[in-house]
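S.K.: Structure for this input, please:
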Amino acid sequence: VQLQASGGGLVQPGGSLRLSCAASGVGLDYYAVGWFRQAPGKERERISCITDDTTYYEDPVKGRFTISRDDAKNTVYLQMNSLKPEDTAVYYCAARAPGAAEYGFWGQGTLVTVSS
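M.R.: Numbering: from 1, shown residues only. The predicted structure follows:
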């Protein structure tokens, strides 16, 4: 499985971005896909994940971010609204195979900068 994250950029506080995680090599249909981020000087943290039709969000992004998947395009999205400066980070997507305990496949990361 190869993952390609894209969609990052510079946005003003309150703005929106949509990140994409496109997969190749295998269909993501039965994989859990998570979005993680790593801010400068901080550890990487999971912020959201999707498994089949179940979604999960960590408190810092709950109500502002929405994760979705398009199995026909083999892509998972992260819609980010009401962005805050503290959302500035490198965002990664990762996939976890059915039955696996860990996310074994990672994309290369895309930088999101929220600044005026």
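S.K.: can you pull out the strands in the chain?
M.R.: Here the chain has its strands, by DSSP state E, at 2-6, 9-11, 17-24, 32-38, 45-51, 54-57, 65-70, 75-80, 89-96, 105-106, 110-114.
S.K.: Distance of the spatially most central residue of the chain relative to residue 100?
M.R.: Nearest to the mean C-alpha position of the chain, counting by C-alpha atoms, centre = their mean, stands residue 35 at 2.8 Å. Going from residue 35 to residue 100 by C-beta to C-beta, to the nearest Å gives 17 Å. In short, each C-beta sits where N, CA and C put it, glycine included.
S.K.: any low-confidence regions in the protein?
M.R.: Scanning the chain for pLDDT under 70 picks out no residues.
S.K.: what's the burial count for the closest residue to residue 18 other than its chain neighbours?
M.R.: Closest residue to residue 18 apart from its sequence neighbours, by C-beta to C-beta, 6 or more residues apart in numbering: residue 79 at 5.0 Å. By other C-beta atoms under 10 Å, 14 other residues sit near residue 79.
S.K.: Just grab the bridge partners of residue 79 for me.
M.R.: Beta-bridge partners for residue 79, by DSSP bridges, are residue 18, residue 66.
S.K.: just checking, it touches residue 35?
M.R.: No. Look at residue 79 against residue 35 with C-beta atoms under 8 Å: they stay out of range, at 10.7 Å.
S.K.: Common neighbours of those two, please.
M.R.: Among the neighbours of residue 79, those also in contact with residue 35 (C-beta atoms under 8 Å, 6 or more residues apart in numbering) are 65, 67.
S.K.: show me the contacts for the closest residue to residue 94 other than its chain neighbours.
M.R.: Nearest non-adjacent residue to residue 94, counting by C-beta to C-beta, 6+ apart: residue 103, 3.8 Å away. When contacts are counted by C-beta under 8 Å, 6+ apart, residue 103 touches 32, 34, 94, 95, 96.
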